[in-house]
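coords please:
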Amino acid sequence: WAEKVHAVLPNMRVLTTYFCGLEDGPHAKGSMPALLAVPEQLRPATQIFCTSHWALGGDPRNADAIFSRLQGKEEWWGYVCMGPGHPEPNVHLDMAGAQQRAVLWRAWAEGCQTNYYGKTNLQIQYKPVEMLC
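Next up, the predicted model:
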């Protein structure tokens with residue numbers, strides 16, 4: 001699908017979010033090496049690799065390891081979503097400002113190029129994306 005998008009829009013960047021590595025890849029399921037191998041496995045279809053902040057296990061060396069695997073103009077973004085909830089930091093409306101700020105401080109400390117937040121509260125109707133051209 002990325003090839004089709006790039007055939008029409010060559011400068012379009014594809015973002016892929018992920019929380020873990022491939023379960024059928026060469027590394028143990030749920031391991032940090034599996035997570036760190038994702039950019040190699042998704043290249044060239046993906047240009048923006050977006051991992052959950054929590055998947056890095058609180059170790060800033062894991063963020064450094066992700067950066068070391070990027071090539072050319074590829075980017076690494078962090079994200080949070082519906083979980084985890086209290087008492088872990090997130091940006092939920094019912095959380096204290098300190099919890100919300102902790103997410104952004106962590107993104108800054110890890111060197112994230114962007115912090116992505118996506119959440120869907122309700123999806124009324126599924127409608128596939130249609131090509132513009």
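
Count the residues that sit near W77.
16 (other C-beta atoms under 10 Å). C-beta: built from backbone N, CA, C; applies to glycine.

any weak-confidence spans in this protein?
Along the chain, segments meeting pLDDT under 70 span 82, 118-133.

Is the most centrally placed residue in the chain part of a helix or strand, or is it coil?
Against the mean C-alpha coordinate of the chain, by C-alpha atoms, centre = their mean, the closest residue is C50 at 1.8 Å. Here C50 is recorded as strand under DSSP: H, G, I helix; E, B strand; the rest coil.

residues touching it, list them.
Counting by C-beta atoms under 8 Å, 6 or more residues apart in numbering, C50 touches L15, T16, T17, Y18, W76, W77, G78, Y79, Y116.

Secondary structure for those - can I get that in JSON lines?
Output for those, formatted as JSON lines (three-state DSSP):
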{"residue": "L15", "secondary structure": "strand"}
{"residue": "T16", "secondary structure": "strand"}
{"residue": "T17", "secondary structure": "strand"}
{"residue": "Y18", "secondary structure": "strand"}
{"residue": "W76", "secondary structure": "strand"}
{"residue": "W77", "secondary structure": "strand"}
{"residue": "G78", "secondary structure": "strand"}
{"residue": "Y79", "secondary structure": "strand"}
{"residue": "Y116", "secondary structure": "strand"}
